[in-house]
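In: Structure for this input, please:
(chains A and B)
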There are 2 protein chains.
Amino acid sequence: MLYVVGIGAGSLGGMTSDAAKALSAAELIVGYTKYIELIRESFAEKEFYTTGMKQERERVEYALKEGEKRTVALICSGDPQLYGMAGLAFELSSAYPDTDIEVIPGVTAAFSGGAVLGSPLTNDLAVISLSDLLTPAERIRRRLHCAAEGDFVIVLYNPSSKNRSDYLARACDIILEHRPPHTVCGYVRNIGREGQESRVLTLGELRDTAVDMFTTVYIGNSETKLINGKMVTPRGYGNV
Amino acid sequence: MLYVVGIGAGSLGGMTSDAAKALSAAELIVGYTKYIELIRESFAEKEFYTTGMKQERERVEYALKEGEKRTVALICSGDPQLYGMAGLAFELSSAYPDTDIEVIPGVTAAFSGGAVLGSPLTNDLAVISLSDLLTPAERIRRRLHCAAEGDFVIVLYNPSSKNRSDYLARACDIILEHRPPHTVCGYVRNIGREGQESRVLTLGELRDTAVDMFTTVYIGNSETKLINGKMVTPRGYGNV
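Out: Numbers count the residues shown, from 1 in each chain, chains lettered A, B, ... in the order given. Now for the predicted structure:
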């Protein structure tokens, strides 16, 4: 049995009780080193298997293989679907037909970070990762254009990394073709963790702001506004 | 103090421990009648205030007013931002300057339903509500066009109601202008609740399927596939 478990963003308080139950039921907990650190103390009696970044395939294959004979939890930060391991677990599952897979959802960074800023995600939204390791850059650019044209609230994951320090600026340039520079934006760094930081700013300012890979970025729609320092997208209830 | 709390979709197991803590801390719990029913038993000693649908403004104003003198939790299903009450709480907050607002995120239906289907939400996604009570129909149509053109996985909330039984069919027609009829789709009804049902089907079949307002609908991107009955969007890790 393999549970693919979303542990939420940051602190354990963001984990659902179904997720905690799956971790308790598991004999072996598999995950990326940084995420295992977040839960190791609370599940100290368990066996752990950790691998580093870019070793996703090895990690998931090990979890599927062990799942043939015992209960395994493969943990992901946030939700296990979104940029997580659940898809890969199903993709590789045919070689491990005796391992049942159950996905336990979690709060993805878009929502835990949004709550820090106020309520930017009250209405239709698009989530886009700026990482071009697994998605062609041209497809990312097209999605940015489409999301901006559709007036979605846009959430950007992986807005930066060592080798792509200008990706957020380039994404903002695309969005600025469709939206004015005073569009309300925000970002949250280290969501739910020590050193959490957040800021609300305009799209024009965001374009010239450096963020790191631990940051989630929010671009408001045409109605998003600043209320008492909070980033808020209204949804018309106020007019009813 | 006002906590705007996402209780997740369906069963209590989908609630985070931060959400449970906020409900425990509250003296008064405010919410839509149906959602209060889900938690009443677990928090039996609390005072409750419930209102029906379309009484959102009254409900939020009461919660803000009571929050001036005691700790109040305003509950929403799923996440409190997405089509929830957090935005309205901030919009109305200027009349209640003594009430601090804290948003406690939850797992929105997109992710809890996606976990039932497999892993449709592994990559960039767009969430759109088909309800035109609060968003002009023309804007919804534009968003459907843009999301389909951008090859996002699309999640549809409020796909139907008594007065809009053909909305899903019309949305599918728009998406069919951009995507082939064999596109992998799915839906989940009564997520996490008694009577949960789910189905994986093609976009062409979905177009002619009747769903109700308790259903969340998923339209795959160009890469989404069916793996052993599950709806799975890959993200390239399999090729690494």
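
In: can you count the residues close to residue A:65?
Out: 16 (other Cβ atoms under 10 Å in any protein chain shown). No exception for glycine: its C-beta is placed from N, CA and C like everyone else's.

In: can you check residue A:170 too?
Out: The number of residues packed near residue A:170 is 15, by other Cβ under 10 Å.

In: gap between the helix or strand of chain A with the lowest mean pLDDT and the chain center?
Out: Ranking every helix and strand in chain A by mean pLDDT, DSSP states H and E puts helix A:33-39 at the bottom, with a mean of 90. Offset of helix A:33-39 from its chain centre (Cα atoms, centre = their mean, to the nearest Å): 16 Å.

In: Mind listing what's buried along it?
Out: Across helix A:33-39, burial judged by 16 or more other Cβ atoms under 10 Å in any protein chain shown covers A:35-36, A:38-39.

In: Does whichever helix or strand comes after it reach chain B?
Out: Note on helix A:33-39: by DSSP states H and E, the next helix or strand toward the C-terminus is strand A:47-51. No: using Cβ under 8 Å from any Cβ of the partner chain, strand A:47-51 stays clear of chain B, coming no nearer than 12.6 Å.

In: most centrally placed residue in chain A?
Out: Centroid check for chain A by Cα atoms, centre = their mean gives residue A:109 as the closest residue, at 4.3 Å.

In: wait, isn't it in contact with residue A:7?
Out: No: Residue A:109 is beyond contact range of residue A:7, at 11.8 Å (criterion: Cβ atoms under 8 Å).

In: so what sits against both of these two?
Out: Common contact partners of residue A:109 and residue A:7 (Cβ atoms under 8 Å, 6 or more residues apart in numbering or on different chains): A:77-78.

In: and residue A:65, that's in a strand?
Out: No: Residue A:65 sits outside any strand when classified using DSSP: H, G, I helix; E, B strand; the rest coil, being helix.

In: list the contacts for it?
Out: Neighbouring residues of residue A:65 by Cβ under 8 Å, 6+ apart: A:96, A:99.

In: cool, and residue A:85?
Out: Here residue A:85 is in contact with A:4, A:56, A:59-60, A:74, A:76, B:237 (Cβ under 8 Å, 6+ apart).

In: Let's see that with 10 Å instead.
Out: By Cβ atoms under 10 Å, 6 or more residues apart in numbering or on different chains, the contact list for residue A:85 reads A:4-6, A:30-32, A:56-57, A:59-60, A:63, A:74-76, A:92, A:103, B:119, B:122, B:235, B:237.

In: So the residue nearest to the centre of chain A versus residue B:203, what's the distance?
Out: 29 Å (Cβ to Cβ, to the nearest Å).

In: can I see the domain layout of chain A?
Out: Using automatic domain parsing, the domain ranges for chain A come out as A:2-107, A:110-232.

In: can you list the ones you listed in TSV and add distance to residue B:217?
Out: TSV is the format used below for these (distance: least, Cβ to Cβ, whole Å):
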stretch	distance to residue B:217
domain A:2-107	16
domain A:110-232	14
